[in-house]
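Q: Task: produce atomic coordinates for the following.
(3 chains)
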Amino acid sequence: MHLFNQLKAAAVAASLVLSVALPAAHADEQYFPLQSYRVGPYAAGGTGFFGGFIDYLNLINTRDGGVNGVKLTWSEGETQYEVERGVEVYERLKNNPGVAAWNPLSVGIAYAMIDRITQDKVPLITINHGRTDSTDGRVFPYVFPLLLNPYSETSGIVNYIASKEGGLESLKGKKMVVLYHGSPYGKETIPIYELLAKKYGFELQQIEVPHPGNEQQAQWLTIRRAKPDYVVLRGWGVMNPVALKSAAKVGFPVDHIVGNVWSNSEEDAIPAGDAAKGYTAITTQASGAEYPVVKEIIKTLYDNGKGNLEDKNRIGSVYHNLGIVNGILNVEAIRIAQEKFGKRTLTGDEVRWGFEHLQLDPARVEALGAKGLFHSINVSWDNHEGNGYVTFQQWDGKKWNVVSDWIAPDWALLRPIIEKSAEAYAKEKGIKLRTSEDVVTATN
Amino acid sequence: MTVATFEASAPFHIPRWLAPFVVLSFAYIAVPFIGTNYLFEAILLPFLALSLAGVGLNILTGYAGQVSLGSAAFLAVGAFAAYNFNLRIEGLPLIGSIILSGFVAAAIGIVFGLPSLRLKGFYLAVSTLAAQFFVQWALTKFSWFSNDSASGVIDAPSLSIAGIAFNGAVGRYIFSLTIVSLLTFFAYRLVSSQTGRNFIAVRDNETAARIIGVPVLKTKLIAFAISSFIIGVAGVLWAFTYLRTVEPAGFNLDRSFQILFIIILGGLASIRGAFFGAALLVVSPLILSRLGSFLFGDLFNSGVLDMSQRIVLGALIILFLILEPDGLVSLWDRIRKRSVARLNKRKHVGRAAQPTQ
Amino acid sequence: MSGFDWQFFVEVLIGGLLSGVMYSLVAIGFVLIYKTSGVLNFAQGAMLLFAALTFVSLVERGVPFALALIITFAVMVVIGIAIERVVLRPLTNRSPMTLFMATLGLSYILEGAAQLIWGTQVHGLDLGIDDVPFEVGGVLISQFDLFAAAIAAALVLFLSVFFRYTRVGLAFRAVADDQFAALAVGLRLPRIWATVWAVAGLVALVAGLLWGARLGVQFSLSLVVLKALPVLVLGGFDSIPGAIVGGLLIGATEKLAEVYIGEYFGGGTESWFAYVVALAFLLIRPSGIFGQKLVERV
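A: Numbering: from 1, shown residues only, chains lettered A, B, ... in the order given. All right, here's what the predicted structure looks like:
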């Protein structure tokens, strides 16, 4: 028992020391608390995304000396993708001065934070994921599912398939199977696919794969029997490579499988080996290291041994580039808010204002060195997604290659459905809908 | 399961009610004043919910000897049931929803407890996984459970009882603390009642229990029902006072293992053990992660540190199982006995010290 | 339904049976350890991950296939022996539950160590077998699955020879039959345990490679244990034939159920269906198909 007591004493002593060792506040710093996950089942995605995000923040500091002189700082708390750890990190880091925004890249953690960040008035960025209805800024003032919410993704995928078939009219009589992960995430788009099937007259079958999805024989035999023209893969984690492998096993052509935004990374394709060659997936940000901003990250950081990724081969991978784009969006939101509130450390609510005016047209995107990396974004006080464009990439066995133009989802069609869902949430929680006046007056 | 110790009650001249009384007064009066937001949100609220779940599982596993790997399913049942009662029955007070959700969990507990009539040991343990996976599947499958929310998640309602709102961190803490205290008190009474003795008889030797007239089958089902009731209420606390927005995936197998860890590390067949175990499981990863980044933060990157923490946590669990077979409770009792003995010695020189275990 | 599609039925059935073989493969690792030391070794999944990750990382670093196989096997043997020394020996005579929890702790260590040493990247694993289906009378059969089944059969054959004709194997059976008697006649339990853990390491290696080739080598590999648990319940924790028959049964029924009756439940039933099958069966036979009848200790 001796050892245990000593350990305990040491631990207590250390935690006492730690509680005073927090970084001291400086003027003119903007702080990003990161609920990262570099260990556990989703570590591959976590290291890529947070690596890219940190690389971009680092680039802004090293190259520009911060945003208009305001240094960007960050610290990480490991979550292992677990919700309670995410909450713990939130509570631990939220009192550091100058918090700009939260970027968990985890649906579960994001959900658990919605109440908290709304109370604390700090933006929560759920790029490409999160609650669809948080697109509605009238109900969710502080939540931003930037670039692409699940509904837009659905519409984008259908539009892409239509473009391959020669227009939306040609979808009539076609047959599509959606293979989705057995979770709220997977089920979220069921009604939207049904809506689009009815609208465009294609036949639709949606098949569930139970979590984790390491066995899909039954589903793919059903698909084989149904003989669809396309299979949409709405997968997650290990489900994706297994789907591609099982498809090969039943002889379904891989170039007629279209992956969604969480089935679009190297990690999804590599394990499937040859079975993934020709697989196409949606993305909001192209992969590859040829974009000026990525090149600058390599030159400024990696060549000087300051890059965040351990494995340099992952520079320009899907998750790394998503992290970089996420960095661009966060930094630009701060820059836009600084125009209004002054070039100083902003409050979370001021940064929220910045996100609500985050409008980057293709020219601005090009000026940021991200032409071709992502298209544009157009966030407003009531549209927190910002109408992101999507593109499609095909896996050639080694890397992803863009195979389509930038495609616009049918936002107008989806908006009423999102509003209905958001209003139901507002009613359940007793939230008063915001109006455009609240956007200005809410800042203090 | 052959852990056969009764709660070792200390033969000292301290009244039995004193310790809980002191702890509770401290928890109610002092903690709300000295606690920071971090303490409530990140430590005490999960600690309370998990402790209660531990108390529930301990009744089933520690006292009645039926191993369950499906505790998280009952947490989920409790959380989703309370959400739906609260949402769908107009005018039902919050406390009513919570109690009803406990009964729903109990009913489902009885259903999944039926295999215990035939199965034992690991066969039973693995079969409780059916509950684990079935409940998660059903909650995801039928969106009615989450009020057809597109994202499949449920949100906690405003917590108020008799017009008093408990929505701040401290308020939720008091709310949670009260429910946990009441149910813990109930559990204490239960295990020293005839039913509790039946549990132990069934655990220690089923045949013998049958011979002395214990209704074995009924006793097992009662254990499942009560345990599930308590775990169900713990699930409500988890969802309503701690996370506030939960999805079914949050109640996964890892959570079940976590609760099992709580009672094994805390001490089987001990109500206090659940609290010790929960404290250890909530706090030790935090200490480890801070200690890691404090000591080695400059040497290694965060990825290496985080993976090392997982290794250290696993090693600590094993070390603990080896060194402290009866859980933290017995460690605590030893420390207490030793210090009381030392006190006694100093006060009454010549009086024999209490023998230690 | 007019004109039942028998061809399709056979296809689903064969696919299910072949998946079942994969479940059995994982289940056998459990059985070996449970039989000798009464431990439900939850770390089997982590061992599988560790083995596959070690192997694939070696191959990616240019180590020849056969050599990588040998090195990995050696590593797994060392790990097996270490587990016996450091974890199980100090826990002798503890309750099965404690041992089970210890293996959970062990899986944290192994998962952490695997990722610490080899990184968190996912890897593809190509065993050199084309996974193109071939057709027999209109029924598609996966080449890879057949290969996996053959490997599993070879492994089972090897194990039975090993346990029948070697000294350690005989000792193993003696221990499995009666620990105390085995001790009394002078068998050295620790050595047998160490051997069994090493053999379990071999099984983990084989299962890890086959599953790794199907899923890719990544963290989720450790989740395949969830597929093996109902097989164990059905077949009995202590029976290798049980693990095989149980695996086949579960594989076939869960696939047939998902395809033919799954739609009435809205699909996605495979996460729990196997458990329900196992449970239903157990209500009739409480210690599995081939499991030894539980002797109650009075």
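Q: Let me see the confidence value for residue 177.
A: Using chain A. Note for residue A:177: predicted pLDDT of 96.
Q: that's the other chain; I wanted chain C
A: At residue C:177, pLDDT is 73.
Q: roughly how far apart are it and chain B?
A: 19 Å (Cβ to the nearest Cβ, to the nearest Å). Just so you know, the C-beta spots here come from the backbone N, C-alpha and C atoms, and that holds for glycine as well.
Q: What distance do you get for that residue to residue C:188?
A: Noted for residue C:177: a distance of 16 Å to residue C:188, by Cβ to Cβ, to the nearest Å.
Q: ok, whatever residue of the stretch 151-300 of chain B ends up closest to chain A - contacts?
A: Closest contact between the stretch 151-300 of chain B and chain A, by Cβ to the nearest Cβ, is at residue B:152 (2.4 Å). Counting by Cβ atoms under 8 Å, 6 or more residues apart in numbering or on different chains, residue B:152 touches A:183-185, A:187-188, B:140, B:143, B:146, B:247-248.
Q: 10 Å instead?
A: Neighbouring residues of residue B:152 by Cβ atoms under 10 Å, 6 or more residues apart in numbering or on different chains: A:107, A:111, A:131, A:183-188, B:139-141, B:143, B:145-146, B:247-249.
Q: Buried ones from those, can you make that a ChimeraX selection?
A: Buried members of the contacts of residue B:152, identified by 16 or more other Cβ atoms under 10 Å in any protein chain shown, are gathered into one ChimeraX selection as follows:
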select /A:107,111,131,183,184,185,186,187,188 /B:139,140,141,143,145,146,247,248,249
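Q: What about the contacts of residue B:152, which are in helices?
A: Counted as lying in helices by DSSP state H, out of the contacts of residue B:152, are A:107, A:111, A:184-187, B:139-141.
Q: Output those residues as a markdown table; include the columns distance to residue C:9 and pLDDT.
A: Putting the ones in helices among the contacts of residue B:152 into a markdown table (distance: Cβ to Cβ, whole Å; pLDDT from 0 to 100) gives the following:
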| residue | distance to residue C:9 | pLDDT |
| --- | --- | --- |
| A:107 | 39 | 86 |
| A:111 | 42 | 88 |
| A:184 | 33 | 82 |
| A:185 | 33 | 86 |
| A:186 | 28 | 88 |
| A:187 | 29 | 86 |
| B:139 | 32 | 91 |
| B:140 | 29 | 87 |
| B:141 | 26 | 85 |
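Q: So what does residue C:120 look like in phi/psi?
A: Backbone torsions for residue C:120, taken as degrees, to the nearest 10, come to phi -100, psi 0.
Q: Would you agree it is in contact with residue C:219?
A: Yes. Counting by Cβ atoms under 10 Å, residue C:219 is a contact partner of residue C:120 at 7.6 Å.
Q: which regions of chain A sit below the pLDDT cut-off?
A: A:1-27, A:440-444 (pLDDT under 70).
Q: ok and the residue in it nearest chain B?
A: residue A:184 (2.4 Å).
Q: Just list the residues touching that residue, thanks.
A: By Cβ under 10 Å, 6+ apart, the neighbours of residue A:184 are A:107-108, A:111, A:131, B:139-140, B:143, B:146, B:149-153, B:247-249.
Q: run the last query once more with 7 Å
A: B:140, B:151-153, B:247-248 (Cβ atoms under 7 Å, 6 or more residues apart in numbering or on different chains).
Q: Could you find the lowest-pLDDT member of those residues?
A: Within the contacts of residue A:184, residue B:151 has the lowest pLDDT, namely 75.
Q: mind checking how far the residue of chain A closest to chain B is from residue A:115?
A: 18 Å.
Q: and what of residue A:65?
A: As defined by Cβ to Cβ, residue A:65 lies at a distance of 37 Å from residue A:115.
Q: Between the two, point out the one with more neighbours.
A: Neighbours per residue (other Cβ atoms under 10 Å in any protein chain shown) separate residue A:65 from residue A:115, with residue A:115 holding more: 16 against 11.
Q: Verify the stated contact: the more buried one with residue B:245.
A: Yes. Using Cβ atoms under 7 Å, residue A:115 is in contact with residue B:245, at 6.5 Å.
Q: Skipping adjacent residues, who's closest to the closest residue to chain C within the stretch 151-300 of chain A in space?
A: Here the stretch 151-300 of chain A gets closest to chain C at one residue, residue A:271, 1.8 Å apart by Cβ to the nearest Cβ. Counting by Cβ to Cβ, 6 or more residues apart in numbering or on different chains, the nearest residue to residue A:271 once its immediate chain neighbours are dropped is residue C:216, at 1.8 Å.
Q: Could you list which residues are in contact with that neighbour?
A: A:241, A:270-272, C:122-125.
Q: Could you do residue A:292 as well?
A: Neighbours of residue A:292 in contact, by Cβ under 7 Å, 6+ apart: residue A:369.
Q: And it, how far from residue B:308?
A: From residue A:292 to residue B:308 the distance is 38 Å (Cβ to Cβ).
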